[in-house]
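Enquirer: Sequence first, then the predicted structure, then my questions.
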Amino acid sequence: MPHIWIEYSANLDLDTRKLMRVVQDAAVGDGSLYPLAGARTRALRIDDYLIVDGHPENAFVHVLLRIGHGRSAEQQAALGERVFQALDQALATEMARRPLGISLQVEEADPVLNYKRNNYREYLARRAAAAGSAPPRSVVGVALNTRQALAALGDAVNAPPYKAAPQAPVLYIKPANTYAADGDVITLPADVPEVTIGACLGIVFSRRAARVSEAEALDHVAGYRVVADLSAPHASYFRPALKQQCRDGFCPIGRDLAPTTAVPDPNALAIEVRVDGELVQRASTADLIRPVARLIADVTAFMSFEAGDILLAGAPFEPPRARAGQRYDIRIAQIGTLGNAIAASA
């Protein structure tokens with residue numbers, strides 16, 4: 001007696017009766033498989049499932065056809081191909097909107113026939129591209145996230161108002177008026193004669209991230225960009241430096257998105273800054289107090305990010321300066337480059 005068995009992951013909401021009818025009709029097909037009036041059929045939701053690539057949004061549908069002997073190899077192959085094609089068409093809408101793997105196994109065929117297709121990598125690549133194509137909803141920076149910057153405070157870190165080293169990330173916002181692009185001319189306000197150039201690794205989120213564990217943090221990242229965290233020079237960390245950090249154009253963002261698959265270790269990237277072609281700073285993301293995954297976990301413990309949002313990992317200690325008439329260029333290994341000319345206010 002033939003069997004049709006459909007298994008599907010619990011993160012799918014399927015009309016299993018409709019899908020079973022699609023499989024049955026395709027299996028009967030040209031009549032090489034007898035009508036399934038006496039067939040045993042079952043659709044089973046799998047609540048405890050392992051997802052390909054380890055990504056929690058991936059889903060699967062697996063169909064098992066047990067057909068019995070007595071059919072030629074040509075009939076068996078034709079059966080598998082038409083059922084898999086019907087299954088593919090029936091799930092096309094679902095596959096267009098989410099990562100989904102489809103597989104079909106024909107048992108009792110000689111040899112066993114297997115058909116598989118998934119869009120996991122393509123879907124994640126599309127989502128990463130979409131997350132990086134539009135301006136971010138928000139860019140969040142973090143101060144004092146390098147060992148050198150914290151060490152430079154010395155005993156002052158134990159004096160008021162701190163009274164201790166920071167126990168949580170020290171954050172600030174780069175609002176939308178600060179956004180600029182690679183190659184844009186950054187015009188300094190009349191009261192700002194020069195700017196500091198914070199060469200930052202920008203962490204671009206691929207989906208909503210809230211209360212994310214350190215182990216799962218990078219699963220929420222589409223990739224990385226070079227970001228210049230510009231600010232008017234200021235010495236005080238004791239009050240929000242909005243006037244210094246939030247001027248128009250003070251957050252140029254690199255055009256290129258380096259996907260996570262191209263960056264094996266975001267915590268070991270060399271950073272170089274040049275002003276008018278002269279190398280003025282060498283640094284590394286290895287200097288971060290909170291590495292990328294830990295930083296994401298600590299920040300999302302109390303705030304959420306959406307796809308396309310950017311979290312700056314932290315500027316290297318003692319950022320170089322540039323004034324009107326000069327140009328800076330930032331290079332982060334494996335990520336890309338970013339450069340802007342500085343102009344005086346008219």
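Expert: Structure received. Numbers count the residues shown, from 1 in each chain.

Enquirer: I'd like to know how many residues surround Ile271.
Expert: 21 (other C-beta atoms under 10 Å). Using the backbone N, CA and C atoms, a C-beta is placed for each residue, glycine as well.

Enquirer: does it count as helix, strand or coil?
Expert: Under the three-state scheme (DSSP: H, G, I helix; E, B strand; the rest coil), Ile271 adopts strand.

Enquirer: How about the contacts made by it?
Expert: Applying C-beta atoms under 8 Å, 6 or more residues apart in numbering, one finds that Ile271 lies in contact with Ala199, Leu201, Gln281, Arg282, Ala283, Ser284, Thr285, Pro316, Ile330, Arg331, Ile332, Ala333.

Enquirer: sec struct for the closest residue to it other than its chain neighbours, please.
Expert: Using C-beta to C-beta, 6 or more residues apart in numbering and skipping the chain neighbours, the partner closest in space to Ile271 is Ala283 (4.4 Å). Recorded secondary structure, Ala283: strand (three-state DSSP).

Enquirer: wait, Ala283 sits on Ile197?
Expert: No: contact between Ala283 and Ile197 fails when scored by C-beta atoms under 8 Å: they sit 11.5 Å apart.

Enquirer: between these two, which one's more packed in?
Expert: Ile197 (27 against 20).

Enquirer: list the helices and strands the helix or strand harbouring the more buried one packs on?
Expert: Element membership for Ile197, per DSSP states H and E: strand 194-205. With contacts taken as 3 or more C-beta pairs under 8 Å, 6 or more residues apart in numbering; DSSP states H and E, strand 194-205 sits against helix 120-133, strand 139-143, strand 221-231, strand 270-275, helix 292-300, strand 310-312, strand 321-323, strand 327-332.

Enquirer: Packing partners of the last one?
Expert: Read that as strand 327-332. strand 194-205, strand 221-231, strand 270-275, strand 336-343.

Enquirer: which stretch among those strands comes nearest Phe84?
Expert: Across the helices and strands packed on strand 327-332, Phe84 has its closest neighbour in strand 221-231 (31.4 Å, C-beta to C-beta).

Enquirer: so how far is that closest one off the chain centroid?
Expert: Relative to its chain's centre, strand 221-231 lies at 13 Å (C-alpha atoms, centre = their mean, to the nearest Å).

Enquirer: With just CA atoms, put it into PDB.
Expert: Extracted in PDB, the C-alpha atoms of strand 221-231 (Å, rounded to 0.1, in the frame of the first residue of the first chain):
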ATOM      1  CA  VAL A 221      23.800  40.800  11.600                       C
ATOM      2  CA  ALA A 222      23.600  41.400   7.900                       C
ATOM      3  CA  GLY A 223      27.100  42.600   7.600                       C
ATOM      4  CA  TYR A 224      29.500  45.500   8.300                       C
ATOM      5  CA  ARG A 225      30.200  49.000   6.900                       C
ATOM      6  CA  VAL A 226      32.900  51.500   7.400                       C
ATOM      7  CA  VAL A 227      31.500  54.500   9.400                       C
ATOM      8  CA  ALA A 228      33.200  57.800  10.200                       C
ATOM      9  CA  ASP A 229      32.000  59.000  13.600                       C
ATOM     10  CA  LEU A 230      32.900  62.700  13.300                       C
ATOM     11  CA  SER A 231      32.600  65.200  16.200                       C
END
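
Enquirer: Each with direction, which strands does the helix or strand hosting Asn114 pair with?
Expert: Following DSSP H and E, one finds Asn114 within strand 113-118. Applying DSSP bridges, strand 113-118 is found paired with strand 100-107 (antiparallel).

Enquirer: List of residues touching the strand it pairs with?
Expert: Strand 100-107 has contacts (C-beta under 8 Å, 6+ apart) with 12, 52, 58-67, 76, 79-80, 83-84, 87-88, 91, 94-95, 112-120, 123.

Enquirer: which among those residues end up buried?
Expert: 12, 58-63, 65-67, 76, 79-80, 83-84, 87, 91, 95, 113, 115, 118-120, 123 (16 or more other C-beta atoms under 10 Å).

Enquirer: Surely Phe305 is in contact with Phe205?
Expert: Yes: counting by C-beta under 8 Å, Phe305 touches Phe205, with 4.6 Å between them.

Enquirer: shared neighbours of the two, which are they?
Expert: Between them, Phe305 and Phe205 share the neighbouring residues His220, Leu311, with contact defined by C-beta under 8 Å, 6+ apart.

Enquirer: could you point out the longest helix in the chain?
Expert: helix 73-90 (DSSP state H).

Enquirer: I'd like the mean pLDDT over that helix, please.
Expert: For helix 73-90, mean pLDDT is 90.

Enquirer: and what of stretch 317-330?
Expert: 96.

Enquirer: where in the stretch 51-200 of the chain is pLDDT low?
Expert: 51-56, 69, 124-125, 128-133, 157, 161-162 (pLDDT under 70).

Enquirer: can you do 90?
Expert: The model of the stretch 51-200 of the chain has pLDDT under 90 over residues 51-59, 65-79, 95-100, 106-113, 115-135, 143-144, 147-170.

Enquirer: follow-up on the earlier one: output the strand holding Ile197 as PDB, restricted to C-alpha atoms.
Expert: Provided in PDB are the C-alpha atoms of strand 194-205 (Å, rounded to 0.1, in the frame of the first residue of the first chain):
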ATOM      1  CA  GLU A 194      38.300  70.900  12.900                       C
ATOM      2  CA  VAL A 195      36.700  67.500  13.500                       C
ATOM      3  CA  THR A 196      37.900  64.300  15.200                       C
ATOM      4  CA  ILE A 197      37.700  61.200  12.900                       C
ATOM      5  CA  GLY A 198      36.300  58.200  14.700                       C
ATOM      6  CA  ALA A 199      37.000  55.200  12.400                       C
ATOM      7  CA  CYS A 200      34.200  52.800  13.300                       C
ATOM      8  CA  LEU A 201      33.100  49.300  12.400                       C
ATOM      9  CA  GLY A 202      29.400  49.700  11.700                       C
ATOM     10  CA  ILE A 203      27.400  46.600  12.600                       C
ATOM     11  CA  VAL A 204      24.300  46.400  10.300                       C
ATOM     12  CA  PHE A 205      21.300  44.500  11.600                       C
END
